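Student: turn this into a structure:
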Amino acid sequence: MSPVKKGKEPVCRWHCHTEKWSDGMQKKGRLAAWSLLLLCILVSGLCFSAKAEDTCQTASLKWMIYGEKTQEWDRVFQEFNEELHQFYPNMNVEFEVISKDSYARQWEMKMAAGESIDIAWIGSEVLSFSEEVKKGNFMAMDYLLNICGKDLTEQIPQELWEKQKRDSNTYGIPVLGPLYRENRTLIVNKNLMDRYGDFEEILTVNREYPYTEKECFTVMEPFLEKVKENHALGKGVDYQSVCKLADKGYEGLYGVDSPFVIRIFDEKPVVYNKYELDSYRDCFEVMSDWYQKGYIREDVAYLINPGEENGKISGNILFVEETGEKKSVFDQIDTEYESLQGDLEGYRYISGDTGRNCLVIPKTSKYPKEAMELLNLLHSEEGKELYRLLANGVEKTDYIRVRQDTDIIARMTDNNHHYKYSVSPVNFGNLFHGFELCEGQFDKILENNQQAMISRLEGFELDVRMIAVEMKKIDLIVQRYKEPLIEGITQDWKTEYQEFCAEMEAAGSQKVVEEIQRQIDRFLMQKNS
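Tutor: The predicted structure follows:
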């Protein structure tokens with residue numbers, strides 16, 4: 001499908017002509033006419049059965065978006081499709097916005113069911129790129145890039161394309177922007193913290209420890225105690241997000257929720273079961289203590305999604321999100337109150353599996369060629385305004401320019417202080433193709449990319465064939481034990497924790513650790529030779 005200018009109506013490549021018949025027409029003429037008519041019917045059938053490269057049919061693409069839906073989504077999407085028709089009159093896009101908490105689960109369900117999806121975002125903190133390739137969930141796109149991905153291949157550096165290759169095939173389009181993984185960010189109500197706590201002390205203590213220790217949690221307790229005394233605790237602590245601190249300093253070795261990790265600051269990559277390390281043991285102990293003290297709400301075991309109360313005035317008093325750093329962030333967490341948002345890690349890290357964000361064409365795509373054409377358009381100068389529409393919404397409705405002579409914008413909010421339209425631009429491609437939210441934002445991201453620590457396991461791919469059964473058993477054990485332990489509701493957390501570790505060991509956790517270590521050692525030896 002080639003772009004066309006607005007106003008040019010789509011037509012079939014074949015035009016069927018009929019003529020009037022007279023009673024006196026000769027037999028030869030009638031046979032020729034019937035042959036022509038049959039040919040016309042056949043071609044028409046082919047026209048309507050073909051995909052949208054034959055412009056008789058509309059290509060209705062489905063795009064899976066990672067984010068939280070806001071009030072202007074539907075209107076922006078409608079305007080996008082109207083603008084898209086200037087380039088592709090017979091192309092429409094149906095966007096499905098899926099929340100961060102359910103994105104991985106929804107993706108897995110859609111792939112298992114064979115649901116049609118033409119474009120999807122894949123982030124290294126939500127899904128493992130390598131594992132999805134192994135499952136066969138992505139289309140190889142080398143041919144499509146060759147025939148209709150010119151702007152993509154020219155714009156994106158070759159070294160980033162290499163990260164998307166498996167077995168010499170390209171399975172993802174790298175997204176230009178931050179290459180380092182998101183940091184864990186503490187978010188609190190500024191008014192309450194100014195009155196009852198010491199925000200800088202909480203950040204400082206957490207940054208002092210490369211791996212989370214008990215002090216990283218207990219430094220928050222004076223604040224929690226005072227807000228409770230003053231009846232300002234709201235819904236309490238979002239235990240699920242706060243427990244993410246226990247993963248600080250680790251790199252997962254089989255997907256984002258893998259129990260098996262290396263500690264990134266150690267001199268040599270050594271494989272551990274993270275639930276046996278002190279950071280998780282301390283986390284379980286502190287959560288049990290906080291539940292007894294009332295910092296975690298009593299009905300926590302019945303909550304479907306405790307994070308729903310994050311950012312609300314009377315909601316969770318304290319929570320942790322994975323986001324960018326202040327003054328160069330494009331995805332600041334939206335709250336109903338003036339918030340303090342601080343980085344609890346203090347460093348940048350690029351994981352070994354793949355780039356932080358990429359766009360893929362799933363195996364279930366009905367319109368892979370059209371999907372590639374659309375992505376190429378959004379990365380081109382010609383399609384720049386289309387990209388900005390998706391990334392930021394409509395000017396003077398969803399955002400305003402800070403100054404007309406710059407590409408710096410401010411997002412507009414509703415009466416409840418929520419952004420009217422808000423989405424991470426990396427869902428759609430090159431972040432640097434869009435607007436900045438503060439002066440120097442893009443330069444800061446590029447600087448962070450250069451300064452970030454790079455995993456020593458870059459290029460490592462784990463072969464799980466020898467340990468797949470054990471890993472599945474361990475995953476099931478984690479599902480059974482982890483949630484009650486981080487909720488703090490277990491009456492005897494020590495006994496429960498000991499049983500947790502014992503069951504993982506009985507399921508073969510040591511065998512898994514040894515096999516992964518063997519593969520890492522062999523990988524590093526070959527890499528360094």
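Student: what's the pLDDT at the most centrally placed residue in the chain?
Tutor: In the chain, the centroid-proximal residue (C-alpha atoms, centre = their mean) is residue 123; its distance is 3.9 Å. The per-residue pLDDT reported for residue 123 equals 88.
Student: to what extent is the closest residue to it other than its chain neighbours buried, counted in neighbours?
Tutor: Distances taken as C-beta to C-beta, 6 or more residues apart in numbering place residue 357 nearest to residue 123, at 5.3 Å, with adjacent residues excluded. (Each C-beta comes from the backbone N, C-alpha and C, glycine too.) Counted with other C-beta atoms under 10 Å, residues neighbouring residue 357 total 26.
Student: kindly report the same for residue 466.
Tutor: 12.
Student: just to revisit the earlier point, hang on, the residue nearest to the centre of the chain packs against residue 66?
Tutor: Yes - using C-beta atoms under 8 Å, residue 123 is in contact with residue 66, at 6.7 Å.
Student: now do the same contact list for residue 482.
Tutor: 275, 500 (C-beta atoms under 8 Å, 6 or more residues apart in numbering).
Student: so which strand or helix has it?
Tutor: Element membership for residue 482, per DSSP states H and E: helix 468-487.
Student: can you name the element that comes right after that helix?
Tutor: Next along from helix 468-487, by DSSP H and E: helix 493-506.
Student: how about the strands of the stretch 351-500 of the chain, start to end?
Tutor: 357-360, 399-401, 409-411, 453-454 (DSSP state E, counting those that start in this stretch).
Student: and of the ones you listed, who's closest to residue 178?
Tutor: strand 357-360 (8.0 Å; C-beta to C-beta).
Student: distance between the closest one and the chain's centre?
Tutor: Mean C-alpha position of strand 357-360 versus that of the full chain (C-alpha atoms, centre = their mean, to the nearest Å) differs by 9 Å.
Student: other SSEs contacting it?
Tutor: Where contact means 3 or more C-beta pairs under 8 Å, 6 or more residues apart in numbering; DSSP states H and E, strand 357-360 is packed against strand 119-123, strand 173-174.
Student: quick one: low-confidence parts of the stretch 151-300 of the chain?
Tutor: Along the stretch 151-300 of the chain, segments meeting pLDDT under 70 span 256.
Student: re earlier: in TSV, list the strands of the stretch 351-500 of the chain along with mean pLDDT.
Tutor: As requested, the strands of the stretch 351-500 of the chain are exported to TSV (pLDDT from 0 to 100):
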stretch	mean pLDDT
strand 357-360	95
strand 399-401	93
strand 409-411	91
strand 453-454	92
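Student: looking at these, which is buried most?
Tutor: strand 357-360 (a mean of 24; mean count of other C-beta atoms under 10 Å).
Student: what does the domain assignment say about the chain?
Tutor: 1-56, 59-178+353-454, 183-347+463-528 (automatic domain parsing).
Student: same question for the first one, mean pLDDT?
Tutor: Mean pLDDT, domain 1-56: 42.
Student: which residues of the stretch 251-400 of the chain fall in helices?
Tutor: Secondary structure of the stretch 251-400 of the chain, counting by DSSP state H, counting those that start in this stretch: helices at 278-293, 368-378, 384-392.
Student: contacts only, for the residue nearest to the centre of the chain.
Tutor: 66, 356, 357, 426.
Student: 10 Å instead, please
Tutor: By C-beta atoms under 10 Å, 6 or more residues apart in numbering, residue 123 lies in contact with 66, 100, 103-104, 129, 175, 181-182, 256, 322, 354-358, 424, 426-427.
Student: so, low pLDDT: which residues of the stretch 351-500 of the chain?
Tutor: For the stretch 351-500 of the chain, residues meeting the criterion pLDDT under 70 lie at 354-355.
Student: redo that, cut-off 80
Tutor: For the stretch 351-500 of the chain, the stretches with pLDDT under 80 are 353-355, 404-405, 416-417.
Student: verify the stated contact: residue 81 with residue 93.
Tutor: Yes - between residue 81 and residue 93 there is a contact under C-beta atoms under 10 Å: 6.1 Å.
Student: of those two, which one has the most company?
Tutor: Neighbours were tallied for residue 81 and for residue 93 using other C-beta under 10 Å; the higher tally belongs to residue 93 (20 against 14).
Student: which element is that one on?
Tutor: Assigning secondary structure by DSSP H and E places residue 93 in strand 91-98.
Student: that strand pairs with which strands, and in what direction?
Tutor: Strands that pair with strand 91-98, judged by DSSP bridges, come out as strand 59-66 (parallel).
Student: if we can go back for a sec, kindly export the strand holding residue 93 (C-alpha atoms) in CSV.
Tutor: Extracted in CSV, the C-alpha atoms of strand 91-98 (Å, rounded to 0.1, in the frame of the first residue of the first chain):
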residue,chain,number,x,y,z
MET,A,91,-6.3,2.1,6.6
ASN,A,92,-7.8,2.3,10.1
VAL,A,93,-6.2,1.6,13.4
GLU,A,94,-8.0,0.2,16.5
PHE,A,95,-6.1,0.9,19.6
GLU,A,96,-6.5,-1.2,22.8
VAL,A,97,-5.1,0.4,25.9
ILE,A,98,-4.1,-2.1,28.6
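Student: give me the neighbour count for residue 301.
Tutor: The burial count for residue 301: 11, using other C-beta under 10 Å.
Student: quick one: contacts for it?
Tutor: 483, 484, 487, 488, 489.
Student: what sits closest to the fourth one if chain neighbours are left out?
Tutor: Think residue 488. That would be residue 291: by C-beta to C-beta, 6+ apart, it lies 3.0 Å from residue 488.
Student: so how many other residues sit close to the one you found?
Tutor: Residues lying near residue 291 (other C-beta under 10 Å) number 22.
Student: same question, residue 414
Tutor: Neighbour tally, residue 414, other C-beta under 10 Å: 11.
Student: same deal with residue 391?
Tutor: 24.
Student: am I right that it is in contact with residue 378?
Tutor: Yes - between residue 391 and residue 378 a contact is recorded at 9.5 Å, counting by C-beta under 10 Å.
Student: now the common contact residues for these two.
Tutor: Here residue 391 and residue 378 have 428, 429, 430, 433 as joint contacts, going by C-beta under 10 Å, 6+ apart.
Student: sorry, back to before: beyond the strand holding residue 93, next helix or strand please.
Tutor: Assignment by DSSP H and E places the next element after strand 91-98 at helix 103-113.
Student: quick one on the thing from earlier: now do the shared contacts for residue 123 and residue 66.
Tutor: 100, 103, 104, 357, 424, 426, 427.
Student: about what we covered before: please identify which of the helices and strands packed on strand 357-360 is closest to residue 141.
Tutor: Of the helices and strands packed on strand 357-360, nearest to residue 141 by C-beta to C-beta is strand 173-174, at 7.4 Å.
Student: can you list contacts of the closest one?
Tutor: Contacts of strand 173-174 (C-beta under 10 Å, 6+ apart): 119, 122, 141, 145, 149, 152-153, 156-157, 159-164, 354-361, 372, 375-376, 379, 429-430.
Student: now, of those residues, which are buried?
Tutor: Buried subset of the contacts of strand 173-174 (neighbour count, 16 or more other C-beta atoms under 10 Å): 119, 122, 141, 145, 149, 152, 156, 160-161, 163-164, 354-361, 372, 375-376, 379, 429-430.
Student: returning to that earlier point: top of the shared contacts of residue 123 and residue 66 by neighbour count?
Tutor: Compared across the shared contacts of residue 123 and residue 66, residue 357 has the highest neighbour count, 26 neighbours, by other C-beta under 10 Å.
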